[in-house]
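Peer 1: Generate a structure from the sequence data that follows.
(one chain, ligands or ions: 2)
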Amino acid sequence: MARIECPKCKHVIDTPGIVTVCPECGADLRGVMDEMAHRRERLRDVGRDDSVTTHEFIVRTKDLHKIYIMGEVEVPALRGVEINIRRGEYLSIMGPSGSGKSTLFNMVGGLDKPTKGTCFIEEVDMAQLDAFELAWLRCRKIGYIFQTFNLIPVMTALENVTLPMIFAGMSSDEMMDRGAMLLDLVGLGDRLHHKPYELSGGQQQRVAVARALANNPAIILADEPTGNLDLQTGKEIIDLLKELNEQSGVTVISATHDLKMIDVSDRIVHIRDGQIERVEKRADLDLDIGTLGSGAKPELGE
Ligand SMILES: Nc1ncnc2c1ncn2[C@@H]1O[C@H](COP(=O)(O)OP(=O)(O)OP(=O)(O)O)[C@@H](O)[C@H]1O
Ligand SMILES: [Mg+2]
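Peer 2: Ligands and ions are numbered 1, 2, ... in the order given. Below is the predicted model of the structure:
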């Protein structure tokens with residue numbers, strides 16, 4: 001765990017990111033924390049792999065394997081997944097239940113570690129990060145959306161959306177303004193103080209979208225974001241994600257069963273038994289709409 005030293009009283013703090021003022025003297029620690037984060041970023045730049053043009057791919061996985069151990073049984077969930085995802089892309093991961101979509105999602109989102117292989121976010125090898133760096137990356141670079149919304153039930157919409165901002169060390173005024181702005185952006189400007197149980201499923205997922213955008217992430221990872229929604233509401237969430245993708249350039253990676261996602265995706269990665277079966281490009285589908293799903297050749301990273 002990374003530590004920081006209070007610039008005023010030299011007290012050492014073990015949990016920067018959670019504590020933003022020195023517990024000894026009350027000094028504001030955010031400047032030191034930002035400086036440390038910048039320094040870490042610069043350090044990472046030095047270690048970048050130059051064999052791939054820097055930042056051309058926002059996500060890269062190399063020979064990604066995940067084997068779950070269940071007592072004496074090994075469950076191979078991912079078996080050598082290689083994919084390059086460009087900045088600003090809208091990518092859907094499709095496949096039957098149990099094919100490994102959520103597992104891949106968890107690896108890319110730094111929520112779990114691969115058994116073998118590597119996952120790079122902006123050319124940073126996630127396996128090389130310590131707990132603090134990983135938490136920083138998850139907090140600042142990635143926004144998560146889940147099938148079951150995962151909102152905190154005792155918090156209002158605004159509190160749910162501003163929660164990640166606390167971890168990023170934003171000031172209270174900034175948080176309130178940004179939280180209200182984001183909820184307005186997703187069409188919930190008049191629902192700031194509603195708790196999740198006072199909102200419909202679609203509205204809850206909109207709060208989750210706003211929360212995912214809290215710290216202006218480069219990537220939104222959405223695992224079955226429309227799985228618990230009816231057709232029309234699901235379409236509205238997909239349209240919202242597409243709009244964000246087009247207007248703010250955020251990269252959207254979505255694991256889905258929802259065929260409506262095909263319309264908005266730049267590429268569709270089909271996964272089966274933990275392996276990439278084929279990759280379809282939107283451009284090809286536009287040209288050949290009558291043969292949707294007929295199997296374009298895999299062209300990873302193109
Ligand atoms: N924590 C775990 N422990 C053991 N096995 C697991 C675990 N998580 C997933 N698996 C297994 O790994 C495989 C891939 O699961 P995963 O959840 O990634 O599938 P999925 O494509 O997301 O499916 P769904 O569409 O139903 O969400 C499955 O065989 C599943 O049983
Ligand atoms: Mg899943």
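
Peer 1: nearest spatial neighbour of residue 239, skipping sequence neighbours?
Peer 2: residue 264 (7.6 Å; Cβ to Cβ, 6 or more residues apart in numbering). In this view, the C-beta of every residue, glycine as well, is placed from N, C-alpha and C.

Peer 1: Would you confirm that the one you found contacts residue 240?
Peer 2: No. Assessed by Cβ atoms under 8 Å, residue 264 is found out of contact with residue 240, at 10.4 Å.

Peer 1: for the stretch 151-300 of the chain, what spans make up the helices?
Peer 2: Using DSSP state H, counting those that start in this stretch, the helices of the stretch 151-300 of the chain run over 157-167, 172-185, 201-212, 231-248, 260-264, 282-287.

Peer 1: got the angle for the second one vs helix 157-167?
Peer 2: So that's helix 172-185. Compare the direction of helix 172-185 with that of helix 157-167 by axes from the mean of the first three to the mean of the last three Cα atoms, to 10 degrees and you get 130 degrees.

Peer 1: Buried residues, helix 172-185. List them.
Peer 2: Buried residues in helix 172-185, defined by neighbour count with 16 or more other Cβ atoms under 10 Å: 175-176, 178-180, 182-183, 185.

Peer 1: Out of those, which comes closest to ligand 2?
Peer 2: Closest approach to ligand 2 among those (Cβ to the ion): residue 182, at 26.1 Å.

Peer 1: This structure - how does it break down into domains?
Peer 2: 4-46, 87-112+126-291 (automatic domain parsing).

Peer 1: Can you report how many residues lie near residue 281?
Peer 2: By the criterion of other Cβ atoms under 10 Å, residue 281 has 15 neighbours.

Peer 1: Could I get the contacting residues of the nearest residue to it once chain neighbours are set aside?
Peer 2: Computed as Cβ to Cβ, 6+ apart, the closest residue to residue 281 that is not its neighbour in sequence is residue 267, at 5.3 Å. Residues in contact with residue 267, defined by Cβ atoms under 8 Å, 6 or more residues apart in numbering, are 89, 91-92, 279-282.

Peer 1: Mind checking which of those residues are buried?
Peer 2: For the contacts of residue 267, a burial check counting by 16+ other Cβ under 10 Å picks out 89, 91-92, 279-280, 282.

Peer 1: so which pair among these is furthest apart in space?
Peer 2: 89 and 280 (13.3 Å; Cβ to Cβ).

Peer 1: which stretch of helix or strand covers residue 78?
Peer 2: Following DSSP states H and E, one finds residue 78 within strand 73-86.

Peer 1: Report the buried residues of that strand.
Peer 2: Neighbour-count burial for strand 73-86 flags 76-79, 81, 83-86 (criterion: 16+ other Cβ under 10 Å).

Peer 1: Could you dump these into JSON lines and include pLDDT and distance to ligand 1?
Peer 2: JSON lines is the format used below for these (pLDDT from 0 to 100; distance: Cβ to the nearest ligand atom, whole Å):
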{"residue": "76", "pLDDT": "96", "distance to ligand 1": "8"}
{"residue": "77", "pLDDT": "97", "distance to ligand 1": "3"}
{"residue": "78", "pLDDT": "97", "distance to ligand 1": "8"}
{"residue": "79", "pLDDT": "97", "distance to ligand 1": "11"}
{"residue": "81", "pLDDT": "97", "distance to ligand 1": "11"}
{"residue": "83", "pLDDT": "94", "distance to ligand 1": "15"}
{"residue": "84", "pLDDT": "95", "distance to ligand 1": "20"}
{"residue": "85", "pLDDT": "96", "distance to ligand 1": "18"}
{"residue": "86", "pLDDT": "94", "distance to ligand 1": "23"}
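
Peer 1: And the residues you listed, which is closest to residue 123?
Peer 2: The shortest approach to residue 123 among the buried residues of strand 73-86 belongs to residue 84, at 11.1 Å (Cβ to Cβ).

Peer 1: number of nearby residues for residue 150?
Peer 2: When counting by other Cβ under 10 Å, one arrives at 14 neighbours for residue 150.

Peer 1: sorry, that was for residue 243
Peer 2: 13.

Peer 1: cool, and the one 10 residues further on?
Peer 2: Using other Cβ under 10 Å, residue 253 has 24 neighbouring residues.

Peer 1: how close does the residue nearest to residue 153 when sequence neighbours are not counted sit to residue 99?
Peer 2: Nearest residue to residue 153, sequence neighbours excluded (Cβ to Cβ, 6+ apart): residue 196, at 5.4 Å. Per Cβ to Cβ, to the nearest Å, residue 196 is found 30 Å from residue 99.

Peer 1: swap in residue 200?
Peer 2: According to Cβ to Cβ, residue 200 and residue 99 sit 30 Å apart.

Peer 1: So between those two, which is more surrounded?
Peer 2: The neighbour count for residue 200 versus residue 99, taken as other Cβ under 10 Å, is higher for residue 99 (21 against 12).
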